[in-house]
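Undergrad: Only the shape, not the letters, is given here:
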């Protein structure tokens, strides 16, 4: 029953609600930067020792280091003989292949030009010896899974075992002793192996007691129960995040992840430091022990152990700890969206301000189409290279020139369209008059439509926020780096009366556009392009399509926004 | 004025032309269509074109297509696709494109009819300005077609060659003919939709209501206050009863004819269990975007969403009143981006598990629910505004 | 046999994989990894019940999980597994039906061996059977034991028939693995000695195929050396009836370290089967069938049973010869006859049987695509999640009709060269998409929450009425405050009524 009293109560409730909204509206812009600050701060807390946890083996069946190993001095001797033989053979790849194949056959193992199997343990072991680094591994993997995807032409494979469970890539350069065992684990597109695999290896190496471990090639050497200081942890994290963000595999192991095979690379480092050197004996024992542990495994690795960061070999940060900052970063932007939406609240049941969505959508579609076009151009980089060489210019110059031409053209056209759509002064005056007129007639008119750039900015921000948050599930590091780069400019920039500020904004946007970033980072553009393209074509690294089709278009949309007419 | 109509007609042609060309172009990228044709969000076991091909292959080679766990689609689809299998693949693509265009055309026609029917109904006068010319009508009808044709969900469904398109077409045709008051065609198409995917069974009620009332809406004067509250309780006259019976008999008759034809085609009743049995009992557990929507419909896909989203712009006056448009759009966008990602993490990368994908289907369902609730709210709210023009500028709340 | 109207029965337990491209063809019948059972049953109304009872009886007899051969694993092949006894074909097909089933995941162990030994007349106490030692047997590279029950003719007119039980046991032991050289002796290999001969035996011979070349010595000398007929090598025969006590058979090679020969002699027909693709959504099965014969076109029957949880698409069946795809309409299309039974969810597997003519010196590749089915969570076995096994495909080499007569009964001192020859491919392991087992909880709680959200807000909308309230801070409206206020009040009153 609604008595006058209850009506007034309702009214009071509404008033409270409105007051709350007003406060929120006041605070959201500030909150935005607070969120951003918290996100960045959180990232720097991650490496601290108090914050992360000790690693543990989640799959009990692995029993690392608890099986007998039979690898011993006689085998070491044999290994040395083989090694010397291989060394003595000329560097021709065919001869080496023939020698290895012959020797393996002698041991009674089926071989094919690339592979062979041993049936000694409960599971088959496939030993893969490749030439040509990652391309060789990829060729084999594709042939094994009969899934030709990249442009590698490989001969068919007839020797197969079943589904592969795990892989250990041994990268022991040279023939001398090693001082430190480096563990590389980042795969293509930032995928990681199951933490249990790394834990098992670390545990086994620890038990052997003679091999110090290093993550990557950071130079910080870890002995047992050593977790390093904050800076080394930070350095390890930064390195991992760099590799992940670039989608760069740190070794041949990175190619296995696509096929759901967990893999790591063990790298023998030689350092000047006076660590006790270790040799085939230790490595052989460790590898055998690892394989015997894996042989204990009856089922797949446990599921939830794929999202982690390693500040040191025996410490990890789980997804629950590191995901929030990236989400915070992504959404410190989106909190801006409602502000634009509700800029002019009216008591009307709906927003009276017509929003001309279609045009903003067209702008976004155009910029993304441009991105895809640029992507195809970069993809056919090698083709254009030939053209460039005909014209006697630097090989990437042509591509760059074409891209820049396209970009300028597109943004110019878009801006000019926007200008043509913006109301002229006369029109504005006319509209105001009209509005006043209708007001006097007690018929509140539709409000004048919101400026195109506001809607475009709103869309671009929402879209960027969405990309970042979706990305953080796939590739956390790439999401964080993207967020760190674009958030501040994207949330602050808008068209401005002052020409100087406009040009400054444009300049910053140029800097954060992919070519700008490349120049800032100081890498050799030609080489970088070549290697990333190789990775895209061979291994399916998606950094190039991501940058071209998702990142760049949004930056491009912003260059349109900052040049747009204010009204 | 006539130029305005011409412009809008030209615009309509442009929309259809661009939609046609886009689809034709996209069909040339076989990687895109292959991926779409295998996405669980787009195709389901009961609409998959791959399964249809398999059923057709078995059928042509003398193996009973329903004597197996693969094929769950209606037999008449086999008859339809049999001649197509002798033609190049492009013809099949062309048929799907044309059906999509036809659907869009039907939607725009439905929108037109609806506007004519609603012409004399009261409206929120200052917002929904009545232009005497037909421009608005034309204008909104091509917008409706455009919104349907350029909905990414529609394009994805078309490219995946999902057979849900046929159900959607039947429903659209059924609605169209019912609005026109054509009982025979209306009932036939709804029977066809039911025959193809069972759930449109429920549509017989609204369709009957449409058919029975179609003549009257046109001539109805703006209802008075009391009719608003009590007209529904007025007794249904005998003639109306006859009309309802006519509709239902027609519907059942058509359905029986279709089922008999199917029996003649495949020479056994196995298809009943293999199609409707599968829809009802869900033996195939291929994940789909349903999540909880399974409560309302088994094996939903974005094809369903694309179709009902196509109806939304017909009620443009209601869309204005909806509060969460931005939010809903975001939910749809997020879920359509995250669904493939999470599915990939679960099935291919192995780093995620089934909960990931389930969560996103849940989000998608929430999106649908919010849209539905919001639309209902908007409709009620608008009705309130229509009947209470004086309160237009007051804060309105629910009691 | 009588009770379940069984005409013929073949049961094989196998552990390991016979490597055709290393070892050639097996000397006795073998099968794919796990357990394989096939039987011809007399046609009557209880045939399926009989089959079920038979599997259960054998299950109890051999302590194996044969009872798991239910309708989802039972198949009736149309071309493979022809009966081996003497029959009039038309009469047989009218009166009997074939049932087969296999359990690729079954581990064969001593509990299966013991009942097998018990079927021997002297158990494992005498004769060659005394060499059977579980410890050594299960440490070998491969072993397979089988029981074949079939009718044989008593006389040339075949008026009387008798049941024959043939029990075979094959093992592959590699002395090089332990010692590095090829030297071996019976006592080393089996850790047992033959002490006596089973008195019930008519014949008890030990045969040894003598390598064609090499520097070796066999101790003791053979009683008799004959030239093998189907095996083109010399065979040494040791008659155990003569003097079982002294048979300390051993072989010594004059070498210090054995290195494998690089030139592997391959058998004429062999095959490899594997999965293509990755991920847990779909995949493909591919078979490479090799015909190494330089000039013969060999007809074979390819038989493959795919469990229902791999949904095959027959229209994706493709044939390649030496990597070149062959169109099904082409004259060279090697599949001459194809029998396909589509799978039914949860009730029967898919069966492919094809008569294929393998061109000489070729690799024929069959490929077919499938979708992996999502199982109900109760359908996942309760053990470790290692995946699901797909049994071996069987390739039956169809011998030409005119060779058939002498090929049929080639028996040479127990070296029964099977006719037709059956080649088994690898068993495969497939991982299916798994649900997460926390899902029932999540689904119930979250789904119900969302449903509540839907129904709650829907009812909320439909049951509550709108009321207007005056806004307090809008200037424009303030002007009509009086009017509006009244309006609101009036409306409220109306609503109350």
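TA: It's in. All figures in this text were calculated on a predicted structure; none of them were measured in a lab.
Undergrad: got a list of contacts for stretch C:312-329?
TA: With Cβ atoms under 8 Å, 6 or more residues apart in numbering or on different chains as the test, stretch C:312-329 has contacts from A:156, B:50-51, B:53-54, B:56-58, B:61, B:63, B:70, C:284, C:306, C:332-335, C:340, C:342-343, C:350, C:352, C:359, C:362-371. All C-beta atoms are positioned from the backbone trio N, CA, C, and that covers glycine.
Undergrad: Please report phi then psi for the residue lying closest to residue A:540 once chain neighbours are set aside.
TA: In space, not counting the residues next to it along the chain, residue A:540 is nearest to residue A:188; the distance is 6.5 Å by Cβ to Cβ, 6 or more residues apart in numbering or on different chains. Note on residue A:188: its backbone torsions stand at phi -60, psi 140 [degrees, to the nearest 10].
Undergrad: Number of residues surrounding residue C:259?
TA: For residue C:259, the neighbour count with other Cβ atoms under 10 Å in any protein chain shown is 14.
Undergrad: and what of residue C:282?
TA: Residue C:282 has 17 neighbours, counted by other Cβ under 10 Å.
Undergrad: Nearest spatial neighbour of residue C:114, chain-adjacent residues omitted?
TA: With sequence-adjacent residues excluded and distances taken as Cβ to Cβ, 6+ apart, residue C:114 is closest to residue C:63, at 7.8 Å.
Undergrad: check contacts around the residue most central in space within chain B.
TA: The structure's chain B has its C-alpha centroid closest to residue B:307; by Cα atoms, centre = their mean the separation is 3.1 Å. By Cβ under 8 Å, 6+ apart, the contact set of residue B:307 is B:103, B:164, B:168, B:171-172.
Undergrad: switch the cut-off to 6 Å
TA: Neighbouring residues of residue B:307 by Cβ atoms under 6 Å, 6 or more residues apart in numbering or on different chains: residue B:168.
Undergrad: Quickly find the element holding it.
TA: helix B:302-311 (DSSP states H and E).
Undergrad: which phi and psi does residue C:320 have?
TA: Per-residue torsions, residue C:320: phi -120, psi 140 (degrees, to the nearest 10).
Undergrad: Tell me how far it lies from chain B.
TA: For residue C:320, the distance to chain B equals 19 Å [Cβ to the nearest Cβ, to the nearest Å].
Undergrad: what number of residues lie near that residue?
TA: Residues lying near residue C:320 (other Cβ under 10 Å) number 18.
Undergrad: Over to residue B:331?
TA: Residue B:331: 20 neighbours (other Cβ under 10 Å).
Undergrad: Show me what residue of chain A gets nearest to chain B.
TA: With Cβ to the nearest Cβ, the shortest gap between chain A and chain B falls at residue A:306, namely 3.4 Å.
Undergrad: The closest residue to that residue other than its chain neighbours: what secondary structure?
TA: What sits nearest to residue A:306 in space, not counting adjacent residues and going by Cβ to Cβ, 6+ apart, is residue B:351, at 3.4 Å. Recorded secondary structure, residue B:351: coil (DSSP: H, G, I helix; E, B strand; the rest coil).
Undergrad: Just the element for residue C:218, please.
TA: strand C:216-219.
Undergrad: For that strand, give the mean pLDDT please.
TA: Across strand C:216-219, the average pLDDT comes to 82.
Undergrad: Just the residues contacting the next helix or strand after it, thanks.
TA: For strand C:216-219, the following helix or strand on the C-terminal side (DSSP H and E) is strand C:224-227. Under the contact criterion Cβ under 6 Å, 6+ apart, strand C:224-227 has outside partners C:234-237.
Undergrad: give me that answer again for 8 Å
TA: The contact list for strand C:224-227 (Cβ under 8 Å, 6+ apart) reads C:210, C:234-237, C:239.
Undergrad: who's in contact with the residue in the stretch 1-150 of chain A that chain C sits nearest to?
TA: Nearest to chain C in the stretch 1-150 of chain A, going by Cβ to the nearest Cβ, is residue A:146, at a distance of 3.3 Å. The contact partners of residue A:146, by Cβ under 8 Å, 6+ apart, come to C:274-277, C:284, C:286.
Undergrad: Would you check how far apart the residue positioned nearest the centre of chain C and residue B:317 are?
TA: Nearest to the geometric centre of chain C sits residue C:391, at 2.8 Å (Cα atoms, centre = their mean). As for residue C:391, its distance to residue B:317 is 64 Å (criterion: Cβ to Cβ, to the nearest Å).
Undergrad: Ok, residue C:234 next?
TA: From residue C:234 to residue B:317 the distance is 99 Å (Cβ to Cβ).
Undergrad: before we move on, what about residue C:319?
TA: 61 Å.
Undergrad: which SSE is residue A:141 in?
TA: Using DSSP H and E, residue A:141 falls within helix A:133-144.
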